[in-house]
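Enquirer: Sequence isn't available, so here's the structure alone:
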């Protein structure tokens, strides 16, 4: 099966010379850079105990190693989509790969916590141009009859990238050094850039001015919210700085909504939320990410601190969770046209919520790894059944010119969920007396996992309202 690729021209514009590209090559070209970007969401989790000692980092800085990336990622995805619509989606996609790779090199060369946080933020800027445009370019490259299958594979790769982060990070840290988790992005980029230029067609969307004020308000609101949550336990939830940041977040996000309702060229068009499928998919993406990825952040370190495994050993022991999406995400993409989106989402999210509550019940000073395996497997199967149907629900009611904005809106909310999940669940962990000791970590992890499970239950409720269409 092949698709027609246009050599550097948008549909309907000049440059109509076309050539055949196998569907499989188009899927790899769109998915490989996206895998690289999603992998770096959590690739540092297994390395955090090592980086803490090497750079003398505080607990707050450990969170910012993660959140500097996810906040830049989340804040700028919509802007990257808008610029891609104007300048060319493939051009922005390839530019994002280049910036991401340069920032990866800077991260590897960092000699202090502050430099690493700054480099991670620039990495997030590059990833912001990769993630949403990868899905838009893939949808344009694949015939409609094969689209659900392609999105299923893309969803599996996306979930695999996030879930494999602890495994890859642990393997590289044990076999080389923590800097190696950033160096591995360089050969991937060397392959990804020419592959994207060959297999993906250049295209544009609605050309409109960039809503700079909207981008600034959204970024400020999310940053202040995460800053307040991260500093709540250390500074006191009633302290002036924490209260001011949380109030500022509410004000900034409120002004963002007003701005998007009134500006003629919104960065996040609120009209898209008239689609119930789109709205519920975004609620699912936000709340599921808060619960699951906040839990992954804490569990990856639990296996090292409380159970005594090395980074690589800890990464291997997450495989019941991380390997399952490789099988079940493509399966979900295949089943979606036959059974509908709602049953798959309800099943996948229900399994993940149940897995977090199961883990919360089993984790303790005397817990064994074997007792955790069924819950880890449940979480992995559930994740595989969630990614592709939710990505499909985002686009199912959208016109083709809105695909980029719709997918980037969903990706933005998911990344905000990752940042909030790390901040919220870590805040619960610290409030419960969490400490980087075996006993202190085990006892405080239980309430954090329960809170994560409650967020995933909110996603289950939202899945009930996803339209039943097949």
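Expert: Now that the structure is in, tell me what you want to look at. Being a predicted model, the structure only gives us computed values, none of them experimental.
Enquirer: Just say helix, strand or coil for the residue most central in space within the chain.
Expert: The residue lying closest to the centre of the chain (CA atoms, centre = their mean) is residue 415, at 4.8 Å. Counting by DSSP: H, G, I helix; E, B strand; the rest coil, the backbone at residue 415 sits in helix.
Enquirer: Which residue, other than its chain neighbours, is closest to it?
Expert: residue 74 (3.5 Å; CB to CB, 6 or more residues apart in numbering). In this view, the C-beta of every residue, glycine as well, is placed from N, C-alpha and C.
Enquirer: what helices or strands is the strand or helix carrying that neighbour leaning on?
Expert: Residue 74 belongs to helix 59-87 when assigned by DSSP states H and E. In terms of contacts (3 or more CB pairs under 8 Å, 6 or more residues apart in numbering; DSSP states H and E), helix 59-87 is packed against helix 23-42, helix 48-55, helix 89-108, helix 113-141, helix 212-235, helix 403-431.
Enquirer: And those helices: which comes nearest residue 460?
Expert: Nearest to residue 460, of all the helices and strands packed on helix 59-87, is helix 403-431, at 15.1 Å by CB to CB.
Enquirer: Tell me the helix or strand right after the closest one.
Expert: That would be, after helix 403-431 and using DSSP H and E, helix 438-464.
Enquirer: what's the angle from that following helix to helix 403-431?
Expert: 150 degrees (axes from the mean of the first three to the mean of the last three CA atoms, to 10 degrees).
Enquirer: For helix 438-464, which residues meet the burial criterion?
Expert: Buried positions in helix 438-464, judged by neighbour count with 16 or more other CB atoms under 10 Å: 440-453, 455-460, 462-463.
Enquirer: which residues touch residue 245?
Expert: Neighbouring residues of residue 245 by CB atoms under 8 Å, 6 or more residues apart in numbering: 224, 225, 227, 228, 231.
Enquirer: could those be laid out in CSV, adding neighbour count?
Expert: Below are the contacts of residue 245 laid out as CSV (neighbours: other CB atoms under 10 Å):
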residue, neighbour count
224, 20
225, 23
227, 20
228, 23
231, 19
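Enquirer: any idea how far the nearest residue to residue 328 once chain neighbours are set aside is from residue 412?
Expert: Nearest residue to residue 328 in three dimensions, chain neighbours excluded: residue 384, at 2.8 Å (CB to CB, 6+ apart). According to CB to CB, to the nearest Å, residue 384 stands 23 Å off from residue 412.
Enquirer: now stretch 362-373: mean pLDDT?
Expert: Mean pLDDT, stretch 362-373: 85.
Enquirer: Give me the contact list for it.
Expert: With CB under 8 Å, 6+ apart as the criterion, stretch 362-373 contacts 302-303, 307, 317, 320, 359, 375, 438-439, 442-443, 445-446, 449.
Enquirer: likewise stretch 109-122?
Expert: So stretch 109-122 is contacted by 51, 55-58, 61, 64-66, 68-69, 71-72, 99, 102-103, 106-107, 179 (CB under 8 Å, 6+ apart).
Enquirer: Swap in 10 Å and give it another go.
Expert: With CB atoms under 10 Å, 6 or more residues apart in numbering as the test, stretch 109-122 has contacts from 40, 44, 51-52, 54-58, 60-62, 64-73, 99-100, 102-108, 178-179, 182-183.
Enquirer: Separate out the buried members of these.
Expert: The buried subset of the contacts of stretch 109-122 (16+ other CB under 10 Å) comprises 40, 44, 51-52, 55, 57, 61-62, 64-73, 99-100, 102-104, 106-108, 178-179, 182-183.
Enquirer: Neighbours of residue 437, how many?
Expert: Other residues lying near residue 437 total 11 when counted by other CB atoms under 10 Å.
Enquirer: Skipping adjacent residues, who's closest to it in space?
Expert: Per CB to CB, 6+ apart, closest to residue 437 is residue 305, 7.2 Å.
Enquirer: how far away is the one you found from residue 169?
Expert: Taken as CB to CB, the span from residue 305 to residue 169 is 15 Å.
Enquirer: which stretch of helix or strand covers residue 21?
Expert: Residue 21 belongs to strand 18-22, assigned by DSSP H and E.
Enquirer: Rounded mean pLDDT for that strand, please.
Expert: On average, strand 18-22 scores 62.
Enquirer: Could you pull up the residues touching residue 167?
Expert: 39, 42-43, 46, 160, 300, 311-312, 314-319, 321-323.
Enquirer: Filter the residues you listed down to the ones in strands?
Expert: With DSSP state E as the criterion, strands contain none of the contacts of residue 167.
Enquirer: just to revisit the earlier point, report the contact partners of the residue nearest to the centre of the chain.
Expert: Residue 415 neighbours (CB under 10 Å, 6+ apart): 38, 41, 69-77, 124, 127-128, 131, 222, 285-286, 289, 293.
Enquirer: Now residue 291: closest residue in space, sequence neighbours ignored.
Expert: Looking at residue 291 with CB to CB, 6+ apart, the closest residue is residue 455, at 3.5 Å.
Enquirer: Oh, that last question was meant for residue 385, not what I typed.
Expert: Nearest non-adjacent residue to residue 385, counting by CB to CB, 6+ apart: residue 348, 3.1 Å away.
Enquirer: residues in contact with that neighbour?
Expert: 284, 288, 325, 328-329, 332, 381-390, 459-460, 463.
Enquirer: Then residue 195?
Expert: Applying CB under 10 Å, 6+ apart, the residues contacting residue 195 are 25, 26, 28, 29, 30, 32, 33.
Enquirer: any idea how far residue 212 is from it?
Expert: 33 Å.
Enquirer: Same check on residue 172?
Expert: With CB to CB as the criterion, residue 172 and residue 212 are 38 Å apart.
Enquirer: Kindly state the domain boundaries assigned to the chain.
Expert: 18-210+267-464, 211-266 (automatic domain parsing).
Enquirer: Determine which stretch of the ones you listed is the most buried.
Expert: Ranked by mean neighbour count, the domains of the chain are led by domain 18-210+267-464 with a mean of 22 (mean count of other CB atoms under 10 Å).
Enquirer: roughly how far out does it sit from the chain middle?
Expert: Relative to the centre of its chain, domain 18-210+267-464 is centred 3 Å away, using CA atoms, centre = their mean, to the nearest Å.
Enquirer: Same check on stretch 220-227?
Expert: The mean C-alpha position of stretch 220-227 is separated from the chain mean by 18 Å, CA atoms, centre = their mean.
Enquirer: For stretch 390-401, give the mean pLDDT please.
Expert: Computed over stretch 390-401, the average pLDDT equals 81.
Enquirer: Sketch out the low-pLDDT regions of the stretch 51-200 of the chain for me.
Expert: 59, 159, 162-163 (pLDDT under 70).
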